[in-house]
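**Q** can't give you the sequence, but here's the structure:
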């Protein structure tokens with residue numbers, strides 16, 4: 001089996017491998033890194049989300065950059081703010097021992113001034129979303145003239161979100177001599193066009209194994225209010241005392257807080273995050289592997305050092321910001337052909353994100369209920385009695401010990417004995433009498449309790465699609481068409497999208513002449529006089545964590 005140490009990496013990257021928990025590369029990493037390390041060709045890597053693409057391009061990119069040159073040498077473009085931030089975080093972790101190497105991330109939806117100030121330090125690597133990058137280039141805050149490597153990550157997703165023109169603009173600002181490394185889950189015609197226009201004889205590899213990454217994992221979610229998450233987490237832990245797993249949080253602070261709250265109630269748990277020293281992390285892992293701990297609470301980056309078999313659960317106390325991290329997280333369980341559970345604790349607003357995971361990762365989430373206190377108590381009682389029932393007779397059980405036991409228990413009625421045994425087990429749980437049902441019954445985005453509205457929504461979407469599919473006749477020269485990267489997948493229909501466009505742009509709903517819905521995006525017509533208003537109204541706006549793109553449709 002290939003190891004990272006076999007891949008001709010720099011000493012600085014090899015030094016950081018143990019801290020990252022990296023030993024054996026995934027297939028996309030094993031195939032990509034040797035090619036990209038040659039630093040002499042364009043490249044297309046086709047692999048599913050969650051297969052480790054960031055490392056596949058990140059290691060060669062960091063070894064390409066010269067820390068002594070104070071100019072921007074590498075550019076990574078990603079579709080969303082969250083993904084850009086995570087790529088930058090990972091690259092910084094990889095580059096821990098690369099002295100003098102600066103990595104900066106820029107994205108829309110945030111104040112541009114601090115980002116411009118940070119860019120004055122001339123970072124060698126910039127990670128960016130397309131819209132904000134173009135804005136900064138136009139303001140002359142970024143100079144791409146010395147860029148030697150451009151990475152387009154999740155290129156198909158960028159196209160789905162309407163960044164086609166942006167990609168063309170970005171690539172046109174970079175030198176012709178650069179290398180372009182394109183990573184994507186699929187290869188639509190538009191990506192093929194980009195490769196034909198901007199790449200020279202690219203080496204192409206395709207990895208399909210990532211599609212089966214989660215085949216042994218049962219994906220579940222429980223819907224509850226954010227304020228009830230801690231209590232809900234405790235009930236799941238109490239119901240399954242034999243659970244061994246990882247609880248994931250997004251930030252170091254959340255990781256520390258969740259671990260401290262659980263430890264305060266006598267759960268066998270410790271945190272694992274980047275502010276801990278290597279010695280501290282190793283001590284936690286020794287305790288976890290020796291079963292001294294039931295669970296660890298970890299950040300995504302710190303969890304890369306977790307290599308433990310027979311984990312029964314992964315619990316997402318907070319959802320990750322990208323699908324790739326969800327796949328990495330859930331892959332901690334169900335190893336070596338065994339089954340495992342990936343449980344997400346979500347509020348009503350986060351249910352929409354699970355739909356996106358289902359669509360892109362080809363998985364299915366089952367809605368489960370947060371256990372009631374009664375559920376927990378009954379389950380614990382049954383497990384306790386099963387363990388007593390299955391206990392084998394001790395070889396040390398002598399007549400003398402039996403006589404002493406009979407004397408101790410003599411005179412106790414069977415009902416009293418059962419009461420004592422049950423109470424002894426349940427008193428460990430320390431539940432208050434004023435417990436409540438933690439299941440959130442909000443219907444706004446609750447997938448598991450839609451009633452008749454679901455059929456109505458399907459009929460409505462079907463009518464919208466039928467209208468959208470009708471080809472228009474001769475086009476009015478005073479009417480222009482626009483593309484927007486919002487679609488049915490975002491919970492939009494014709495009426496909702498028309499209201500949204502009107503609200504954001506200030507034009508009347510009656511001036512939005514036609515709306516044609518698609519799954520991932522939509523098209524709409526307006527009078528030509530409103531064209532500039534619509535174009536400017538959505539600049540820098542975000543929805544569902546991604547930058548909105550509204551462009552003239554010239555097709």
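**A** Happy to help now that I have it. Predicted model, so just to flag it, every value in this text is computed and none were measured.
**Q** distance of the spatially closest residue to residue 373 that is not a sequence neighbour from residue 422?
**A** In this structure, residue 373 finds its nearest non-sequential neighbour in residue 435, 4.2 Å apart by CB to CB, 6 or more residues apart in numbering. Using the backbone N, CA and C atoms, a C-beta is placed for each residue, glycine as well. Residue 435 sits 18 Å away from residue 422, going by CB to CB, to the nearest Å.
**Q** and if you look at residue 500?
**A** In this view, residue 500 and residue 422 are 56 Å apart by CB to CB.
**Q** Compute the number of surrounding residues for the nearest residue to residue 15 once chain neighbours are set aside.
**A** Distances taken as CB to CB, 6+ apart put residue 97 closest to residue 15, at 5.1 Å, once the chain neighbours are dropped. Here the count is done by other CB atoms under 10 Å, and residue 97 has 14 residues near it.
**Q** what's the distance between residue 97 and residue 130?
**A** Separation of residue 97 from residue 130 (CB to CB): 31 Å.
**Q** same check, this time on residue 196
**A** 20 Å.
**Q** and what of residue 522?
**A** 19 Å.
**Q** Equivalent analysis for residue 372, please.
**A** Counting by CB to CB, the separation of residue 372 from residue 130 is 48 Å.
**Q** Between these two, point out the one with more neighbours.
**A** residue 130 (26 against 16).
**Q** residue contacts, the more buried one?
**A** Contact analysis of residue 130 by CB atoms under 8 Å, 6 or more residues apart in numbering lists 77, 79, 158, 163, 166-167, 170, 547.
**Q** per-domain residue ranges of the protein.
**A** In the assignment given by automatic domain parsing, the structural domains of the chain cover 4-211, 213-372, 374-426, 468-552.
**Q** Tell me which of these lies nearest to residue 442.
**A** Of all the domains of the chain, domain 213-372 sits nearest to residue 442, with 4.1 Å by CB to CB.
**Q** quick one: the closest one to chain centroid distance?
**A** Averaging C-alpha positions (CA atoms, centre = their mean, to the nearest Å) puts domain 213-372 13 Å from its chain's average.
**Q** what's the neighbour count on residue 289?
**A** Quick note: residue 289 (other CB under 10 Å) scores 13 neighbours.
**Q** Please verify my assumption that it contacts residue 309.
**A** No. With contact defined as CB atoms under 8 Å, residue 289 does not count as touching residue 309 (9.3 Å).
**Q** can you give me phi and psi for residue 134?
**A** Note on residue 134: its backbone torsions stand at phi -60, psi -40 [degrees, to the nearest 10].
**Q** now residue 291
**A** phi 70, psi 20.
**Q** for the closest residue to it other than its chain neighbours, what are its contacts?
**A** Leaving aside its chain neighbours, residue 291 sits nearest to residue 244 (7.5 Å; criterion: CB to CB, 6+ apart). Contacts for residue 244 (CB under 8 Å, 6+ apart) come out as 291, 294-295, 308, 310-313.
**Q** about what we covered before: the residue nearest to residue 373 should be in a strand, yeah?
**A** No. Per DSSP: H, G, I helix; E, B strand; the rest coil, residue 435 lies outside any strand segment and is coil.
**Q** residues near it, how many?
**A** 13.
**Q** cool, and residue 412?
**A** Residue 412 has 11 nearby residues by other CB under 10 Å.
**Q** Please determine how far it is located from residue 420.
**A** Distance from residue 412 to residue 420, by CB to CB: 8 Å.
**Q** For residue 105, give me the pLDDT.
**A** The predicted structure scores residue 105 at 96 on the pLDDT scale.
**Q** quick one: residue 241 is in a strand?
**A** No. With three-state DSSP as the criterion, residue 241 is located in coil rather than a strand.
**Q** Where does residue 93 sit, in terms of helix or strand?
**A** Using DSSP states H and E, the secondary-structure element containing residue 93 is helix 81-94.
**Q** Beyond that helix, next helix or strand please.
**A** Taking DSSP H and E, what comes next after helix 81-94 is strand 103-106.
**Q** what's that next one packed up against?
**A** If you count contacts as 3 or more CB pairs under 8 Å, 6 or more residues apart in numbering; DSSP states H and E, strand 103-106 packs onto helix 81-94, helix 112-119, strand 125-128, helix 130-138.
**Q** Identify all contacting residues around the second one.
**A** Think helix 112-119. By CB under 8 Å, 6+ apart, the list of residues contacting helix 112-119 reads 104, 106, 126, 132, 135-136, 139, 141-142.
**Q** With neighbour count and distance to residue 248 added, can I get those in CSV?
**A** Below are the contacts of helix 112-119 laid out as CSV (neighbours: other CB atoms under 10 Å; distance: CB to CB, whole Å):
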residue, neighbour count, distance to residue 248
104, 18, 27
106, 25, 27
126, 25, 28
132, 22, 28
135, 20, 33
136, 20, 33
139, 11, 38
141, 18, 35
142, 25, 34
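**Q** Mind putting those residues into a markdown table with distance to residue 227?
**A** Converted to a markdown table, those look like this (distance: CB to CB, whole Å):
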| residue | distance to residue 227 |
| --- | --- |
| 104 | 36 |
| 106 | 34 |
| 126 | 39 |
| 132 | 34 |
| 135 | 38 |
| 136 | 39 |
| 139 | 42 |
| 141 | 41 |
| 142 | 42 |
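**Q** Can you tell me which of those residues lies closest to residue 263?
**A** residue 104 (37.1 Å).
**Q** which residues sit in contact with that closest one?
**A** Contacts of residue 104 by CB under 8 Å, 6+ apart are 88, 115, 118-119, 121, 123, 125-127.
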